[in-house]
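In: 3D, please:
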Amino acid sequence: MTDNNIEGVKKRIEKIKEEQLSISSKKHASSPIIDIASELVAGVIVGVIVGVLLDKLFTSKPLFLILCIILASIAAFRSIWRKYIKIH
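Out: Numbers count the residues shown, from 1 in each chain. Next comes the predicted model:
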C-alpha cells in the first residue's frame, strides 16, 4: 500500500469512530429517563401484584394492596437514588 492509501484508510477509520461516538452519546442521553420510568412502573406493578395476592390470602381487601404499593414505591425511589443521584 502507498502512503496515500494508508492515510485514506486512517481518515475513514477516524470518521467511523466519530460517527459511532455521536450515535452512542445520543443513545445514552435518553437511557436514564427510560430506566427511571421502568424502575417506577415495575415497582408499582410488583406492589399491586403482591398486595392483591396478600389481600386474597388474608381476605383483607385494600389493606395489603395499599401497603405494598407504598413499600414498592419507596423501594423504587431508593433504587433510583442509589443508581443515578448519588453517582452523578
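In: quick one, what contacts Ser73?
Out: Contacts for Ser73 (Cβ atoms under 8 Å, 6 or more residues apart in numbering) come out as 40, 43-44, 47. C-beta here means a position set from N, CA and C on the backbone, and glycine is covered the same way.
In: which stretch of helix or strand covers it?
Out: Assigned by DSSP states H and E, Ser73 belongs to helix 61-80.
In: Can you give me the buried ones in that helix?
Out: Of all the residues in helix 61-80, those buried under the rule 16 or more other Cβ atoms under 10 Å are 64-65, 68-69, 72, 76, 80.
In: before we move on, back to that, nearest to Arg12 among the contacts of Ser73?
Out: Distance to Arg12, by Cβ to Cβ, is smallest for Leu40 among those, at 43.7 Å.
In: per-residue pLDDT, the nearest residue to the closest one once chain neighbours are set aside?
Out: Among residues not flanking Leu40 along the chain, Ala76 sits closest, at 5.1 Å (Cβ to Cβ, 6 or more residues apart in numbering). Here, the pLDDT recorded for Ala76 equals 93.
In: still on that earlier bit, the helix holding Ser73: how far from the chain's middle?
Out: Relative to the chain's own centre, helix 61-80 is displaced by 19 Å; criterion: Cα atoms, centre = their mean, to the nearest Å.
In: Closest to the centroid, which residue in the protein?
Out: Against the mean C-alpha coordinate of the chain, by Cα atoms, centre = their mean, the closest residue is Asp35 at 1.8 Å.
In: dump the residue contacts of it.
Out: 83-84.
In: Many thanks, we can stop here.
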